[in-house]
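**Q** Give me coordinates for this.
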Amino acid sequence: MILIFGGTTEGRMAVDVCEQAGQPFYYSTRTDGQQVTLHHGRRLVGTMTADDIRRFCREHDVRLIVDASHPFAEGLHESVAAAGLPVVRIDRQRQQPAPDLVWCADFEEALVRLAADPPRRLLALTGVNTIARLKPFWQQHSAVFRILDREESRQQAADSGLTAGQLVFYDDHAPLPTAEQERMLMEQTGCDAVITKESGASGGFAAKVEAARQLGLRIFVVAAPDYAACFPPGATLRRVTGRHGLRRAIEALLPDFFPLHTGLTTGAVATAAVKAATLRLLGEAADEVTFALPDGETLTVGIDHSEVFPGYATATATKDFSDDPDVTRGCRITARVAWAEPQGRGIRFLQGEGVGRVTLPGLGIAVGEPAVNPVPRQMMTAEVRALTDADLDITISVEGGRELAERTFNSRVGVVGGISIIGTSGIVAPLSNEAFVRSIGRELEVARAMGCTAVGLASGKRGETALTEREPSLRVIHYGNFVGDSLGMAHRLGFRRVVLGIMIGKAVKLAEGHLDTHSHKVLMNKDFLARVARSVGVSDAASRLQPVTMARELWALMPPAFFEALRDLCMQHCRTVFPTGTLEIHILEQ
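**A** From the prediction side, this is the model:
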């Protein structure tokens, strides 16, 4: 069981992640002000002390705590640490101190700095719980506090001694204020300085700072407390910054919670290896590295080993095992980062052993280049450029990559000699169909880049053979079960003609409106088939269909008009995703 402490944007995210498991968990907030939808989770409301947490966890078999509470909820952090259980902390992105920010380690330092040169009027954007902490300042100087528009917050402010004229309010159900809205508030209050907490993106930190800068105000920032300082040496603490890291941490610490586990793309693992090799080249050895995913979330990945040599360094990382049927699970990826000769080339990617070479256009990579896709290249470049501006040659190698490539579609899209280093998100979802759909898209892009305006779509090799026997020059791409996705991509890429070959077993599902024909999602519907048969004059349709167990048996039981009716229904549903252009559908025997 998992216990989440939330009440924040990160808390909502933690709920979303845990709901995916379909298992019960607990979500605890201090008040019931935050509205959150729970299906499998159970809501707890009220403050919990360290003893409360220990007792609750013992009585409800809680084995993992997710702390998604506010960075400044120091009392709760200490109680969570004292519970003695493994903890996953969802951190907000830390801010980089800037010269124009008065950076304060805590509220005590903030009071000292404010007293040293008091502003004429201070706008405090630090929340109702900081009124008491800043009391030594506002008792002597003019200050306005912005607080939540809740009765409990109003009462807390009144109990502290503030008057209504010293308060402004905001609705916590509304979106975070924009920089423009923050600027208007600052103008209305007539402040010449603001104080805010290092609250991250979900706390609107950037908008507050931008607005204050526009007005030329002094900006005092109270740094977030050191979360790890609450925990004793040897405590199990994982720190993450987003949903992917959270799920991976839960999978590692509570393996049975999610029925299926996620993994990393080859692009993400290669990025980790590149960063480790670059650090080694610059004189730093790392057992693990942290890097950014395309969406900005950071992940930390272990490094198998790294070495430095004259002029270059190498590092190797292993693509961890997930429940995705990916041939590259467990493969070892090595990055070689070398000083470029001659200079002036920037960052150049070279082909290593086990990585393919691009031979056809349409993949977003120049022909002749190593098959390191654009997004992984961007990830690697960003990590390297954060460390050095030097010109570098980056070579990615994959152990056994040539053999692995024989089990992929690489040759069909013109990648020869090894696998591709791929990944648009950095994360492989368990049993992900997304990877297969992306491979279909790459094949369609290649065909379009080669000037094809017509394309064949077949579920597999038998369908491909049937279509090419009819039209030998037709380029045929396998769609598996993803008829709708494939047709939709063909439409978006501008194909003017599509020839769809579909086996009877998939045709009966497509005719009913199922654009994904996987047997896990939809089965042959005899009632539907009986209705189609009756519509073409088969009066004893139900009795004919009663013994049928395989769709291919229909060929011997139904007249040609039945299959024409099926084809027409397939056409209707396919036109919803391929609305223009010529569409031909051939129902094939199995």
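**Q** Mind listing what's buried along stretch 137-151?
**A** Residues 137-138, 142-148 are the ones in stretch 137-151 that count as buried (16 or more other Cβ atoms under 10 Å). For the C-beta atoms, the positions are set from N, CA and C on the backbone; glycine is no exception.
**Q** could you redo the residues you listed as TSV and give each row pLDDT and distance to A315?
**A** Converted to TSV, these look like this (pLDDT from 0 to 100; distance: Cβ to Cβ, whole Å):
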residue	pLDDT	distance to A315
F137	94	50
W138	92	53
S142	92	56
A143	92	52
V144	93	53
F145	94	50
R146	92	48
I147	89	50
L148	86	48
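**Q** And those residues, which is closest to A50?
**A** L148 (26.5 Å; Cβ to Cβ).
**Q** circling back to that earlier point, in the buried residues of stretch 137-151, which two residues are the furthest apart from each other?
**A** Applying Cβ to Cβ across the buried residues of stretch 137-151, the maximum distance is between S142 and L148, 22.0 Å.
**Q** From the buried residues of stretch 137-151, pick the one nearest P177.
**A** The shortest approach to P177 among the buried residues of stretch 137-151 belongs to R146, at 9.4 Å (Cβ to Cβ).
**Q** Could you confirm that closest one falls within a helix?
**A** No: using DSSP: H, G, I helix; E, B strand; the rest coil, the assignment for R146 is strand, not a helix.
**Q** measure the residue lying closest to F528 once chain neighbours are set aside to L569 for me?
**A** For F528, ignoring the flanking residues on the chain, the nearest one in space by Cβ to Cβ, 6 or more residues apart in numbering is E512 at 5.0 Å. Separation of E512 from L569 (Cβ to Cβ, to the nearest Å): 8 Å.
**Q** How about P370?
**A** 46 Å.
**Q** again with A507
**A** Using Cβ to Cβ, A507 is found at 9 Å from L569.
**Q** Comparing these two, which residue is more hemmed in?
**A** A507 (26 against 19; other Cβ atoms under 10 Å).
**Q** Can you give me the pLDDT of the more buried one?
**A** At A507, the pLDDT value in this model is 92.
**Q** And the residue nearest to F528, its phi and psi?
**A** Main-chain torsions, E512, degrees, to the nearest 10: phi -80, psi -10.
**Q** Confirm for me that it is in contact with R531.
**A** No: in this structure E512 lies outside contact range of R531 using Cβ atoms under 8 Å: 9.8 Å.
**Q** Now R43. Nearest residue, chain neighbours left out?
**A** Y27 (5.6 Å).
**Q** and the one you found, helix, strand or coil?
**A** With three-state DSSP as the criterion, Y27 reads strand.
**Q** low-confidence ranges in the chain?
**A** 202, 324-325, 431-433, 435, 517-523, 590 (pLDDT under 70).
**Q** re the thing from before, need the buried residues of stretch 137-151 in CSV (columns: distance to T334).
**A** Converted to CSV, the buried residues of stretch 137-151 look like this (distance: Cβ to Cβ, whole Å):
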residue, distance to T334
F137, 57
W138, 59
S142, 62
A143, 58
V144, 58
F145, 56
R146, 53
I147, 55
L148, 52
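**Q** Just name the closest of these to M1, please.
**A** Once Cβ to Cβ is applied, the member of those that ends up nearest M1 is L148, at 30.9 Å.
**Q** Please report how far that closest one lies from Q156.
**A** 10 Å.
**Q** Quick check: neighbours shared by those two?
**A** Taking Cβ atoms under 8 Å, 6 or more residues apart in numbering as the contact rule, L148 and Q156 both touch V128.
**Q** Can you get me a residue count around D226?
**A** Using other Cβ under 10 Å, D226 has 10 neighbouring residues.
**Q** can you check A273 too?
**A** So A273, with other Cβ under 10 Å, has 30 neighbours.
**Q** I'd say it and I333 touch.
**A** Yes: contact criterion Cβ under 8 Å: A273 and I333 qualify, at 5.5 Å.
**Q** Next, show the common contact partners of these two.
**A** Between them, A273 and I333 share the contacting residues 316-317, 396, judged by Cβ under 8 Å, 6+ apart.
**Q** all strands of the stretch 451-590 of the chain, in order?
**A** 454-458, 476-478, 497-503, 582-588 (DSSP state E, counting those that start in this stretch).
**Q** S69: which of those strands is closest?
**A** strand 476-478 (48.6 Å).
**Q** Show residues contacting that closest one.
**A** 409, 412, 440, 443-444, 447, 455-461, 463-464, 467-468, 486, 501.
**Q** now swap in stretch 296-304 and tell me
**A** 93, 241-245, 248, 264, 268-269, 272-273, 276, 286-293, 315-318, 332, 426.
**Q** for V45, what are its contacts?
**A** Counting by Cβ under 8 Å, 6+ apart, V45 makes contact with 28-32.
**Q** which one of those residues has the most neighbours?
**A** Within the contacts of V45, most neighbours by other Cβ under 10 Å means S28, with 24 neighbours.
**Q** Name the nearest residue to that one, sequence neighbours excluded.
**A** L44 (4.1 Å).
**Q** Give the pairing partners of the helix or strand where that neighbour lies; include direction for each.
**A** According to DSSP states H and E, L44 maps onto strand 41-45. Pairing partners of strand 41-45, with direction, according to DSSP bridges: strand 25-29 (parallel).
**Q** contact partners of the partner strand?
**A** Here strand 25-29 makes contact (Cβ under 8 Å, 6+ apart) with 1-7, 11, 14-15, 18, 36, 38, 40-46, 48, 56, 60, 62.
**Q** Just the buried residues from those, in ChimeraX please.
**A** Per 16+ other Cβ under 10 Å, the buried members of the contacts of strand 25-29 correspond to this ChimeraX selection:
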select :2,3,4,5,6,7,11,14,15,18,41,44,48,56,62
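**Q** Sort out for me which of the contacts of strand 25-29 are in helices.
**A** 11, 14-15, 18, 56 (DSSP state H).
**Q** and the shared contacts of A273 and I333 as TSV, adding neighbour count, distance to T196 and secondary structure?
**A** As requested, these are exported to TSV (neighbours: other Cβ atoms under 10 Å; distance: Cβ to Cβ, whole Å; DSSP: H, G, I helix; E, B strand; the rest coil):
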residue	neighbour count	distance to T196	secondary structure
T316	20	43	strand
A317	28	39	strand
I396	31	43	strand
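**Q** now, among those, which is nearest to A551?
**A** Relative to A551, the closest of the shared contacts of A273 and I333 is I396; by Cβ to Cβ it sits at 44.9 Å.
**Q** Test my guess that that closest one contacts A272.
**A** No: when contacts are counted by Cβ under 8 Å, I396 is not listed as touching A272 (11.6 Å).
**Q** Need the residues touching each of these two.
**A** Contacts common to I396 and A272, judged by Cβ under 8 Å, 6+ apart, are absent.
**Q** count of residues packed around the residue lying closest to T196 once chain neighbours are set aside?
**A** Residue nearest to T196 in three dimensions, not counting chain neighbours: L125, with 4.4 Å by Cβ to Cβ, 6+ apart. Look at L125: counted by other Cβ under 10 Å, it has 25 neighbours.
**Q** Could I get the contacting residues of L125?
**A** Contacts of L125 by Cβ under 8 Å, 6+ apart are 146, 194-197, 208.
**Q** So of those residues, which two are at opposite extremes in space?
**A** Pairwise over the contacts of L125, using Cβ to Cβ, the maximum falls at R146 and K197, 12.1 Å.
**Q** how far away is V508 from T576?
**A** Taking Cβ to Cβ, one finds V508 at 18 Å from T576.
**Q** One more: G344?
**A** Here G344 is placed at a distance of 53 Å from T576 (Cβ to Cβ).
**Q** next one: P97
**A** Distance from P97 to T576, by Cβ to Cβ: 54 Å.
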